[in-house]
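*Asks:* Here you go, sequence then predicted model.
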Amino acid sequence: MTYNVTLISGDGIGPEVTEAARRVLEATGVDFHWELAYAGSDAVNRFGTPLPENTLESIKKNKVALKGPVTTPVGSGFRSVNVALRQELDLYACLRPCKIYPGVSTHFKDVDIVVVRENTEDLYCGIEFDRGTPEAKRLIELTSETKGKEIREDASISLKVISETGTRRIVRFAFNYAHTHQRKRVTAVHKANILKFSDGLFLSVAREVAKEYPDIEFEDVILDALCMRLVRTPSIYDVLVLPNFYGDFISDLCAGLVGGLGVSPGANIGDEMATFEPTHGSAPKYTGQNKTNPMATMLSGVMMLRHLGEIKAADRLEKAIAEVIAEGKNVTYDLKPNAIDAPPVGTSQVADTVIEKLEKSGNS
Ligand code: NAD
């Protein structure tokens, strides 16, 4: 069987890491037809827009995409292509498994946390009011009238939106994931002590949903307490479910616990479609240097193989990557913090080594 998959290289280091991932995926023996699509600055140069309609159409048609990171200009320029893509395709669950592969240098031994981040709401819903605009003024007046609270005239305002519908489906996703992956506990993360309505709703819906899954333990934790416990005893956590904004930085924190962004894969999953991409961004300063670690994108490819039902190929590819990490020889700079006599290798050499391992294990 041939799988039609949309391939978005992205920008910055995106083209290098996606090419490495494409090569190892093909080396598993699974047959892919890659449909190239564009996003980010690459797409602006070609089509005059960072997210062309034909990119969305390609993913809608193929249902699956492998994606490299895309740069988001800070402060001005286009809004995040990543956020737009997730919202347009309703890829409401961001799944980021963070586990330690033997050989990676970390402060901890047994971290195996799955971060489930809501992907479509919260502060990232993209509803903002710039200071001094008539809309910001109206909102300031409305707040004064209805809440008796004064917002400064020169304030910009961003809305934090959390709905019952959005929360129910992400918490169900986390519990269903826990159920199908033999996980024991789901922890809901919030600031309901301060944000009584938005995070309060998230927490109360999470508690309701938890009752539907009596075989899986449930607990909730306040975000600040979670941060402290994660850096002290991360092994106590199993599956974390979070609103979008907190999920963004907690997934990077968890990536740091297991060896860094170079080994942290991810997926954005909806009811009909899914895109697979590393947790890291486009690391612009390393563009074109054949330097950064392609393993996060390769491991996102492993997640894609599992999503497609190619379990054997996924297991073989994950094992090959794990072997390369464990040997610690042909790995990039981020996995060789103390390299003295054996220098790190480049992005494409990591792919070559993973392919060698796959070839040794046979294409059966
Ligand atoms: P980043 O993840 O791109 O890089 C931060 C640092 O992490 C890098 O300087 C590098 O030291 C290290 N790093 C990242 N990926 C690595 C890899 N594969 N191997 C080795 N080291 C790696 O974060 P940033 O610099 O904050 O963001 C750069 C751009 O990427 C921004 O425009 C941001 O918006 C965007 N971004 C995109 C996505 C996405 O497309 N899904 C995700 C996060 C950030």
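*Replies:* Nice, I can see it. This structure is a prediction, so every number in the text was calculated from the model and none was measured.
*Asks:* okay, CA-based contacts and neighbour counts for the rest of this
*Replies:* Fine.
*Asks:* so where do the strands sit in the stretch 101-250 of the chain?
*Replies:* 112-118, 128-129, 157-158, 185-190, 217-222, 239-242 (DSSP state E, counting those that start in this stretch).
*Asks:* Go through these and name the closest to Leu305.
*Replies:* Nearest to Leu305, of all the strands of the stretch 101-250 of the chain, is strand 112-118, at 17.9 Å by CA to CA.
*Asks:* what angle separates the closest one from strand 185-190?
*Replies:* Between strand 112-118 and strand 185-190, the angle comes out at 40 degrees (axes from the mean of the first three to the mean of the last three CA atoms, to 10 degrees).
*Asks:* how far is strand 112-118 from where the chain is centred?
*Replies:* Averaged C-alpha coordinates place strand 112-118 at 9 Å from its chain's average position (CA atoms, centre = their mean, to the nearest Å).
*Asks:* and what of stretch 60-70?
*Replies:* Put simply, stretch 60-70 sits 13 Å off its chain's centre (CA atoms, centre = their mean).
*Asks:* tell me which residues of that stretch are tucked away?
*Replies:* Lys60, Asn62, Lys63, Val64, Ala65, Leu66, Lys67, Gly68, Pro69, Val70 (16 or more other CA atoms under 10 Å).
*Asks:* Stretch 154-166 now?
*Replies:* By 16+ other CA under 10 Å, the buried positions in stretch 154-166 come out as Ser156, Ser158, Lys160, Val161, Ile162, Gly166.
*Asks:* sorry, back to before: will you turn the strands of the stretch 101-250 of the chain into TSV that also has distance to Ala351 and mean pLDDT?
*Replies:* Formatted as TSV, the strands of the stretch 101-250 of the chain follow (distance: least, CA to CA, whole Å; pLDDT from 0 to 100):
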stretch	distance to Ala351	mean pLDDT
strand 112-118	25	98
strand 128-129	42	95
strand 157-158	42	96
strand 185-190	35	98
strand 217-222	40	98
strand 239-242	30	98
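*Asks:* between those, which one is nearest to the ligand?
*Replies:* strand 112-118 (13.2 Å; CA to the nearest ligand atom).
*Asks:* so what does that closest one touch, helix or strand wise?
*Replies:* strand 93-99, helix 164-180, strand 239-242, helix 244-257 (3 or more CA pairs under 8 Å, 6 or more residues apart in numbering; DSSP states H and E).
*Asks:* The lowest-mean-pLDDT helix or strand in the chain vs the ligand: in contact?
*Replies:* Least confident helix or strand of the chain, by mean pLDDT, DSSP states H and E, is helix 41-47 with a mean of 85. No - Helix 41-47 stays clear of the ligand (CA under 6 Å from any ligand atom), getting no nearer than 10.5 Å.
*Asks:* same check, this time on stretch 243-257
*Replies:* No - figure legend: stretch 243-257 not in contact with the ligand (CA under 6 Å from any ligand atom); closest approach 8.6 Å.
*Asks:* Please identify the buried residues of that stretch?
*Replies:* Neighbour-count burial for stretch 243-257 flags 243-248, 250-257 (criterion: 16+ other CA under 10 Å).
*Asks:* try stretch 92-103
*Replies:* For stretch 92-103, a neighbour-count test (16+ other CA under 10 Å) marks Tyr92, Ala93, Cys94, Leu95, Arg96, Pro97, Cys98, Lys99, Ile100, Tyr101, Pro102 as buried.
*Asks:* so Arg316 makes contact with Lys357?
*Replies:* No - here Arg316 does not reach Lys357: they are 9.2 Å apart, not a contact under CA atoms under 8 Å.
*Asks:* for the closest residue to Asp112 other than its chain neighbours, what are its contacts?
*Replies:* Excluding the flanking residues, the one nearest Asp112 by CA to CA, 6 or more residues apart in numbering is Lys99, at 4.2 Å. Going by CA atoms under 8 Å, 6 or more residues apart in numbering, Lys99 touches Asp110, Val111, Asp112, Ile113, Val258.
*Asks:* let's go with 7 Å and repeat that
*Replies:* By CA atoms under 7 Å, 6 or more residues apart in numbering, the residues touching Lys99 are Val111, Asp112, Ile113, Val258.
*Asks:* Can you check what pLDDT the model gives the last one?
*Replies:* What that stands for is Val258. At Val258, the pLDDT value in this model is 95.
*Asks:* Look at it and say how many residues are nearby.
*Replies:* For Val258, the neighbour count with other CA atoms under 10 Å is 27.
*Asks:* buried ones in stretch 330-337?
*Replies:* Buried residues in stretch 330-337 (16+ other CA under 10 Å): Asn330, Val331, Thr332, Tyr333, Asp334, Leu335, Lys336.
*Asks:* wait, which of the residues you listed is closest to the ligand?
*Replies:* Taking CA to the nearest ligand atom as the measure, the ligand sits nearest to Asp334 out of those, at 5.3 Å.
*Asks:* per-residue pLDDT, the residue nearest to Phe32 when sequence neighbours are not counted?
*Replies:* In space, and not counting its chain neighbours, Phe32 is closest to Tyr3: 4.8 Å by CA to CA, 6+ apart. You'll see Tyr3 listed with a pLDDT of 98.
*Asks:* ok so, going back, closest to Arg183 out of the buried residues of stretch 243-257?
*Replies:* Nearest to Arg183 among the buried residues of stretch 243-257, with distances taken as CA to CA, is Cys254, at 17.4 Å.
*Asks:* hang on, the earlier thing: of all the strands of the stretch 101-250 of the chain, which one comes closest to Ala274?
*Replies:* Checked against CA to CA, the stretch from the strands of the stretch 101-250 of the chain lying closest is strand 112-118, at 14.1 Å.
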